[in-house]
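**Student:** I would like to see how this sequence folds:
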Amino acid sequence: MAYYKKVEKGWRAQVERLGVRASQTFPTKAQAEAWALAEEAAILAGKRGQFPARTLREAVRRYQVEVTDKKVTKKPKVARADNLRFEAWLREFPQLADKVLHQISGDDLAAWRDARLKVVSQSSVLREAQQFRPVWSLAIRQWKWAGASPWKDITLPPKGHARRNKTLWQQIRQIVRSGGYRTGRPPALPQTEAMWAYLVALHTSMRSAEILRMSRSTVDLKRRIYHLTRHKTDDDVGDRIVPLTRRVVKLLRVLEAAAAAAGRDAYFTVTDESRDVNFRKVRDRLMIEGLTFHDSRAAALTWLSKRYDVMTLAKISGHKNIQELYNTYYRETEEEIAARL
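**Tutor:** The predicted model follows:
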């Protein structure tokens, strides 16, 4: 049975058949009626063990409209990240995307899993699978596009261990000097700016994008604080006020003076992409393996942990999960701990 109701944005159609309910809003009543007829037919077909020839691509598009896009208001970053992963999935695996949903087997998904494991980590594959699986759950339970989920037929990789790479001061000196950093001399080239950003990261534990947004209007050097309005968890916690150490304030005074002399507000002129490219160039030129810019966050928190308690560290880094702070970002070795005992 189908019901129609006039609403602010058009017409809302609601279908109730064989214990299954579904509803959707359309600009016109004709569109609502057409959708309701197709939906009733799909429900009846599903009950008989027959499923519509809807592809995975169609299922993902519908899931984006009904689920992902509704996250935009409360969690825009999550919605954007989910949509980017969906788009990449459909773009990089077109043969799978254009296959009829109820004909996709565990072998098809296993082939996707194995292909992804060649280019990304186990944790990334597991994260993507956890996002994609609900598409089948909704298609089976509500849309009646399939009868069983093929995900139960494959084994997903276990969650990978956190990085344990140790950043050495010898490596840091090599990188910043090779990249053009000179004490007290403001950066004049994108590569030098990347080195300054790296040093700020090592003293603050901030992420690259957070550092590159530093400016004369958001940093108060007298009070030693940085008012950070945009960051990874701003959807949940809002603005962050980042306390700054005296060492990083010395670095920031040079950047503040350079920005004032240039008549600009921002401390840095490089983009995050440019910073990444320049950092990698210097690192690879020195043949330093296994080191990433983001390792500076763990290095900073490990060094700061020798002076501050865990709650203070969480305040500095913006961590909500103390367990993540300990398991992922605290990288002091057992030998170093033993030497201090």
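
**Student:** What is the burial count for residue 11?
**Tutor:** 20 (other C-beta atoms under 10 Å). From N, CA and C alone the C-beta is placed, and that goes for glycine too.

**Student:** what's the answer for residue 102, then?
**Tutor:** 21.

**Student:** List the buried residues in stretch 109-128.
**Tutor:** Residues of stretch 109-128 classed as buried: 109, 112, 113, 116, 122, 125, 126, 128 (neighbour count, 16 or more other C-beta atoms under 10 Å).

**Student:** And the second one, which helix or strand is it part of?
**Tutor:** I take that to be residue 112. helix 106-117 (DSSP states H and E).

**Student:** residues in contact with the helix or strand following that helix?
**Tutor:** The helix or strand immediately downstream of helix 106-117 is helix 122-138, counting by DSSP H and E. Here helix 122-138 makes contact (C-beta atoms under 8 Å, 6 or more residues apart in numbering) with 56, 59-60, 63, 66-67, 82, 85-86, 89, 101, 113, 116-117, 146, 149-151, 156-160.

**Student:** Spatially nearest residue to residue 58, not counting backbone neighbours?
**Tutor:** Distances taken as C-beta to C-beta, 6 or more residues apart in numbering place residue 101 nearest to residue 58, at 7.6 Å, with adjacent residues excluded.

**Student:** Residue 61 is in what secondary structure piece?
**Tutor:** helix 56-66.

**Student:** list the buried ones in that helix?
**Tutor:** Taking 16+ other C-beta under 10 Å as the criterion, helix 56-66 shows 56, 57, 58, 59, 60, 62, 63, 64 as buried.

**Student:** on that earlier part again, so the residue nearest to residue 58 touches residue 61, yeah?
**Tutor:** No - counting by C-beta atoms under 8 Å, residue 101 stays clear of residue 61, with 11.8 Å between them.

**Student:** can you pull out the strands in the stretch 201-341 of the chain?
**Tutor:** Along the stretch 201-341 of the chain, counting by DSSP state E, counting those that start in this stretch, strands occupy 219-220, 225-228, 240-243.
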